[in-house]
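Participant: coordinates only, sequence not included:
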């Protein structure tokens, strides 16, 4: 469909998966836990850029739960926070591989923040 020779697309649906057992919803950091800064920030940021955020879900550091969340998402785009490094509970690479995803970007040349990734799910 075109309006005045401009392509028109529906707004993409986005599901936000907030990963990490160390995240707190409120209060000061303590006992190795830190405040979740991205979970509250990303939905309005995504909406401002035209996305329709369908869900924001907290997913524990559990491979099976993460795999199911990726597999069962009906969204056009799944945005995750965390789990991209190589720590003992960073399961995103493994869950994406099992889901048949193709890694398009697997790390960026910036510090801090280099363990970012972009993948395409089948």
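Facilitator: Ah, there it is. Please read all numbers here as calculations on a predicted model, not as lab measurements. Residues are numbered from 1 along each chain as shown.
Participant: use CA for all of it now, contacts and neighbours both
Facilitator: OK.
Participant: what are the ranges of the helices in the chain?
Facilitator: 38-48, 63-72, 92-98 (DSSP state H).
Participant: let me see the mean pLDDT of the longest one.
Facilitator: So that's helix 38-48. Mean per-residue pLDDT for helix 38-48: 95.
Participant: how far away is residue 117 from residue 62?
Facilitator: Distance, residue 117 to residue 62, using CA to CA, to the nearest Å: 19 Å.
Participant: report the beta-bridge partner residues of the residue nearest in space to the middle of the chain.
Facilitator: For the chain, residue 80 is the residue whose C-alpha lies nearest the centre (CA atoms, centre = their mean; 1.2 Å). As for beta bridges, residue 80 partners with residue 17 under DSSP bridges.
Participant: OK, contacts around it?
Facilitator: 16-19 (CA atoms under 8 Å, 6 or more residues apart in numbering).
Participant: filter the residues you listed to the buried ones?
Facilitator: By neighbour count, with 16 or more other CA atoms under 10 Å, the contacts of residue 80 hold 16-19 as buried.
Participant: may I have the beta-bridge partners of residue 118?
Facilitator: residue 105.
Participant: neighbours around it, how many?
Facilitator: Counted with other CA atoms under 10 Å, the neighbours of residue 118 add up to 13.
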